[in-house]
Structures are given as C-alpha cells and as structure tokens.
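Engineer: Quick one: sequence and predicted model below, then my questions.
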Amino acid sequence: MSGKTEKRQNAGLLEKPRPKTKKPPLYKVLLLNDDYTPMDFVVHVLQQYFNKDQEEATRIMLTVHYHGVGVCGVYPYEVAETKVNQVMSLAKAHGHPLQCVMERE
Ligand code: TYC
C-alpha cells in the first residue's frame, strides 16, 4: 500500500462523525422602540408577519416599549430580510417611524 492510499483510508477515522449538512446561519429580527408608532400597530405587525397570537404579540410590543428593543423571531438570512422589508414598507405606508432590523445570532 502506498503512503498516499494509507493516508486517505485513515482520514477522518479518529474524528467524531458529524452530519455533512451545514445549518444556515440564523438572524434575529428586532423591533426598535420609538415615541410615535401606535402600540396597536406594532401588535398587528407581530401577528401579521411573525405569527404571534394577541398575547405574545402584546408581550413583545411591551418589551420593546419598555426596554428599547425586542426579538420578533429568528430566521435564515433571506426570510429575515423579507420580513424586515415587509415591516418597513407597511410602517412607511402608514406614516409610522417604526424601525425593524436584523442581526446575526
Ligand atoms: N413606544 C410606542 C408608544 O408609546 C409603542 C411602540 C412599541 C413603538 C414598540 C415601537 O417597536 C415599537 N406608542
């Protein structure tokens, strides 16, 4: 057996087997507080785009209101990007200064 063949046969043998599929990086979608966007509008956004029920949407909205920022959900890059764009478009269309951003987990 040549040295080269031996090396290839042993390659990876001592390492812990890992699944070959790599998970995509995830991104948090965050809402930021402001003084003007109505609370009801924020609750509506959370229900419409982040699949929250009334109670959970209200909890997240109040977290943002009192602490300045809150997590709406965690998604792969393109899903997060779409949600940020949808929220920003709706807020702009209604004349609200609501800010929605994404951040790598
Ligand atoms: N602070 C806003 C108000 O008092 C409510 C609000 C909550 C605004 C969450 C933005 O992301 C936000 N009307």
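Structural biologist: Everything's here; your move.
Engineer: Quick one: check stretch 51-59 for contact with the ligand.
Structural biologist: No - contact of stretch 51-59 with the ligand (Cβ under 6 Å from any ligand atom) is absent, the minimum separation being 10.3 Å. Every C-beta, even on glycine, is put in place using the N, C-alpha and C of the backbone.
Engineer: how about that stretch as CSV, C-alpha atoms only?
Structural biologist: Written as CSV, here are the backbone C-alpha positions of stretch 51-59 (Å, rounded to 0.1, in the frame of the first residue of the first chain):
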residue,chain,number,x,y,z
ASN,A,51,-47.2,34.5,13.5
LYS,A,52,-47.7,35.7,17.1
ASP,A,53,-51.1,35.4,18.9
GLN,A,54,-52.5,38.5,20.6
GLU,A,55,-51.0,37.7,23.9
GLU,A,56,-47.5,37.0,22.7
ALA,A,57,-47.6,40.0,20.3
THR,A,58,-48.6,42.3,23.2
ARG,A,59,-45.8,40.9,25.4
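Engineer: what mean pLDDT does it have?
Structural biologist: Stretch 51-59 shows a mean pLDDT of 98 in the predicted model.
Engineer: which parts of that stretch are buried?
Structural biologist: Residues of stretch 51-59 classed as buried: 52, 57-58 (neighbour count, 16 or more other Cβ atoms under 10 Å).
Engineer: Just the residues you listed: which are in helices?
Structural biologist: Judged by DSSP state H, helices contain the following of these: 57-58.
Engineer: For this structure, which segments count as helices?
Structural biologist: 3-10, 39-50, 54-67, 77-93.
Engineer: before we move on, back to that, okay, the buried residues of stretch 51-59 in JSON lines with distance to Leu31 next?
Structural biologist: Listed next are the buried residues of stretch 51-59 as JSON lines, based on distance: Cβ to Cβ, whole Å:
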{"residue": "Lys52", "distance to Leu31": "11"}
{"residue": "Ala57", "distance to Leu31": "11"}
{"residue": "Thr58", "distance to Leu31": "13"}
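Engineer: near the ligand, which residues of the chain?
Structural biologist: Counting by Cβ under 6 Å from any ligand atom, the chain sits next to the ligand at 31-35, 37-39, 42, 61, 64-65, 98.
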